[in-house]
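>>> The sequence and its predicted three-dimensional model are supplied below.
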Amino acid sequence: MAFDSLTDKLQNVFRNLRSKGRLTEDDVKTALREVKMALLEADVNFKVVKGFVKNVQERAVGQDVMNGLNPGQMVIKIVNEELTALMGSETTEIRFQPGSSKTVIMMAGLQGAGKTTTTAKLAGKFKLKGKKPLLAACDVYRPAAIKQLQINGEKQGVDVFSMGENHKPADIAKAAMEHAVKRAYDLIILDTAGRLHIDEDMMGELEEIKAAVEVHQTILVVDAMTGQDAVNVAATFNDKIGIDGVIVTKLDGDTRGGAALSIKAVTGCPILYVGMGEKLTDLEQFYPDRMASRILGMGDVLTLIEKVEGDIDETKAKEMTEKLKKAQFDFEDYLESMQQMKNMGGLGSVMSMLPGMGMGGMTGNKKMPDLDTDDAEKQMGKMEAIIYSMTVYERRNPDVLNPSRKHRIAKGAGVDISEVNRIVKQFEQTRKAMKKMPGMFGGKGGKKGGFKLPF
């Protein structure tokens, strides 16, 4: 996941600072040299890094910090605040036209950045917020671009306006507006053509669209995997046509993440959303303060709570809570729990948002061992295979699992009998624990709300 390496390095720097009772000016400068190298290796723009380190040093090398009760923590606090400021301080929302007026958003970007998929993701997100979006297929060059938009639009339950590949994008945009007026759409999102690189034809085409229809927001989609190239692309687009915000895609991938830390400082344009997966729901609003916390290994509990609220079925959660109260859950419920974890992006996604387990794992917490989330995901997959090898009757009645049934299940799942015994024993221990912990699920001394996953 993005920032893994950066998080590990920063946590090592901060661990050294916390270990010192008092800090000297040399201590701070040494730590900031390491921070500087970590940021450069994460592909953060050189000028941005230089300004960032200068700001932190000016604030950190002061009497209030050096003579404070916990100077190491004070320096970390300053780094967190400056990192947040670097990415924009405040969360920026896409602005809609007031009242019943229609809002037109033009999506731009290079080919391969994920613009068409992101366009559909954005439409789905705003539909959930009560908007009536229309997607306009203005990419008439890339093979299957229109079909891709139509398929994704259908998945999101969003209409797509298309005139095929034999019309100018500006004419399609104009016709889409006329269609939107007749059908009472209040949000029109134009999916424009990308190129392998920036060229004058692309810019001219975007200017023609802006001349044909009133565009209220121009949003650039950039690929985090391209590092500083993404920042250069954003700067060029902003100079040529003007952009109101940026969406960074593939931030969940094997990328150093420097683009997300550089874009606002270099272009002045805010990051609006980040793509954190391939599913059409994997688009997160960008919160600079939350991202700074995740980079520093402090977790992002607020985003985790929002994911839980958005992805977990409330009715099923209440049913599970009642079963857990009475210790009546079974292996069918285990499967349901695993599915909900998948809906939230998997174990790795959840762990990255927990304090002390940030993007680089739990390297900053000496009391807890490092957790290999890939290994944990494999274990969950193995558990799922074992449960699916049971009959429905066995899943609903775990007490009937005798040795002969377990041997059959092990054979069906392609695992050793010891793996089946381990899962069954774990299940029994969980059920016993639930009987002893009624306060977890509400009532006197407990909190109302969802259930804990039983693994």
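Yes, it's here.
>>> Can you pull up the most central residue in the protein?
Centroid check for the chain by C-alpha atoms, centre = their mean gives residue 276 as the closest residue, at 3.7 Å.
>>> what kind of secondary structure is the closest residue to that one other than its chain neighbours in?
Spatial nearest neighbour of residue 276, excluding adjacent residues (C-beta to C-beta, 6 or more residues apart in numbering): residue 252 at 4.6 Å. C-beta here means a position set from N, CA and C on the backbone, and glycine is covered the same way. Of the three states, residue 252 takes coil under DSSP: H, G, I helix; E, B strand; the rest coil.
>>> now do residue 104
strand.
>>> who's in contact with it?
Each residue near residue 104 by C-beta atoms under 8 Å, 6 or more residues apart in numbering is listed here: 177, 188, 190, 213, 214, 215, 216, 217.
>>> ok, which stretches of the protein are strands?
With strands called from DSSP state E, the chain shows them at 103-109, 133-137, 159-161, 187-191, 217-223, 245-249, 271-275, 283-285.
>>> And the fourth one, how far out from the chain middle?
Taking C-alpha atoms, centre = their mean, to the nearest Å, one finds the center of strand 187-191 at 23 Å from the center of the full chain.
>>> ok, residues contacting that strand?
By C-beta under 8 Å, 6+ apart, strand 187-191 touches 96, 102-107, 115-116, 119, 122-123, 126, 131-139, 145, 149, 173, 176-177, 180, 209, 213, 215.
>>> Flag every buried residue along the longest helix along the chain.
Scanning the chain for the helix with the most residues, using DSSP state H, yields helix 417-436. Of the residues in helix 417-436, 419, 420, 422, 423, 424, 427, 430, 431, 434 count as buried by neighbour count, 16 or more other C-beta atoms under 10 Å.
>>> And for stretch 220-239?
Neighbour counts using 16+ other C-beta under 10 Å place 220-228, 230-235, 237-238 of stretch 220-239 among the buried residues.
>>> same deal with stretch 97-112?
Buried, per 16+ other C-beta under 10 Å, within stretch 97-112: 102, 103, 104, 105, 106, 107, 108, 109, 110, 111.
>>> any idea how far residue 280 is from residue 287?
Here the criterion is C-beta to C-beta, to the nearest Å. By it, residue 280 lies 21 Å from residue 287.
>>> More neighbours: which of the two?
Using other C-beta atoms under 10 Å as the criterion, residue 280 and residue 287 rank with residue 287 on top: 21 against 17.
>>> Who's the closest spatial neighbour of the more buried one, skipping the chain neighbours?
In space, residue 287 is closest to residue 91, 5.1 Å off (C-beta to C-beta, 6+ apart).
>>> unless I'm mixing things up, the one you found is touching residue 284, no?
No - applying C-beta atoms under 8 Å as the test, residue 91 and residue 284 come out as separate, 11.2 Å apart.
>>> so what's residue 121 up against?
156, 275, 280, 281, 282, 283 are the contacts of residue 121 under C-beta under 8 Å, 6+ apart.
>>> can you check residue 211 too?
residue 170.
>>> per-residue pLDDT, it?
Looking at residue 211, its pLDDT reads 94.
>>> what's the answer for residue 110, then?
We have a pLDDT of 90 for residue 110.
>>> The one 4 residues further on now?
For residue 114, the pLDDT comes out at 91.
>>> for the nearest residue to it once chain neighbours are set aside, which residues make a bridge with it?
Distances taken as C-beta to C-beta, 6+ apart place residue 249 nearest to residue 114, at 4.0 Å, with adjacent residues excluded. Beta bridges link residue 249 to residue 223 when assigned by DSSP bridges.
>>> Residue ranges in the stretch 251-400 of the chain under the pLDDT threshold?
Residues of the stretch 251-400 of the chain meeting the criterion pLDDT under 70: 253-256, 298-328, 341-376.
>>> And the helices in it?
Counting by DSSP state H, counting those that start in this stretch, the stretch 251-400 of the chain has helices at residues 258-267, 288-295, 301-311, 314-325, 331-343, 346-351, 373-388, 392-396.
>>> Near the residue nearest to residue 287, how many other residues are there?
Considering only other C-beta under 10 Å, residue 91 is surrounded by 14 other residues.
>>> Now do the buried residues in stretch 48-58.
Residues 48, 49, 52, 53, 55, 56, 57 are the ones in stretch 48-58 that count as buried (16+ other C-beta under 10 Å).
>>> Alpha carbons only: can I get it in CSV?
What follows is stretch 48-58, C-alpha atoms only, in CSV (Å, rounded to 0.1, in the frame of the first residue of the first chain):
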residue,chain,number,x,y,z
VAL,A,48,8.3,20.8,-1.5
VAL,A,49,10.6,18.7,0.8
LYS,A,50,13.0,21.6,1.2
GLY,A,51,10.2,24.0,2.3
PHE,A,52,8.6,21.4,4.5
VAL,A,53,11.8,20.6,6.4
LYS,A,54,12.5,24.3,6.8
ASN,A,55,9.1,25.0,8.3
VAL,A,56,9.4,22.1,10.8
GLN,A,57,12.9,23.1,11.8
GLU,A,58,11.9,26.7,12.5
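>>> neighbouring contacts of it?
Stretch 48-58 has contacts (C-beta under 8 Å, 6+ apart) with 28-29, 32, 35-36, 39-40, 44, 75, 78-79, 82-83, 85-86, 261-262, 265-266.
>>> In PyMOL, how would I select the buried members of these?
Typed into PyMOL, the next command selects the buried ones out of the contacts of stretch 48-58 (criterion: 16+ other C-beta under 10 Å):
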select buried, resi 28+32+35+36+39+40+44+75+78+79+82+83+85+86+261+262+265+266
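>>> any idea how far residue 207 is from residue 134?
Distance, residue 207 to residue 134, by C-beta to C-beta: 22 Å.
>>> typo on my end, residue 123
8 Å.
>>> The two: which has the busier surroundings?
residue 123 (28 against 24).
>>> Check whether that one really touches residue 136, as I assumed.
No - using C-beta under 8 Å, residue 123 is not in contact with residue 136; the gap is 10.6 Å.
>>> nearest residue to residue 235 other than its sequence neighbours?
Ranked by C-beta to C-beta, 6+ apart and with sequence neighbours excluded, the top spatial neighbour of residue 235 is residue 267, at 5.2 Å.
>>> got the contact list for the one you found?
Going by C-beta under 8 Å, 6+ apart, residue 267 touches 231, 234, 235, 238, 243, 246.
>>> Can you get me a residue count around the fifth one?
Right, residue 243. Residue 243 is flanked by 22 other residues according to other C-beta under 10 Å.
>>> mind checking how far it is from residue 418?
Distance of residue 243 to residue 418, given as C-beta to C-beta: 58 Å.
>>> what's the pLDDT at the residue lying closest to residue 212 once chain neighbours are set aside?
Once flanking residues are discounted, residue 212 sits nearest to residue 170: 4.1 Å by C-beta to C-beta, 6+ apart. For residue 170, the pLDDT comes out at 96.
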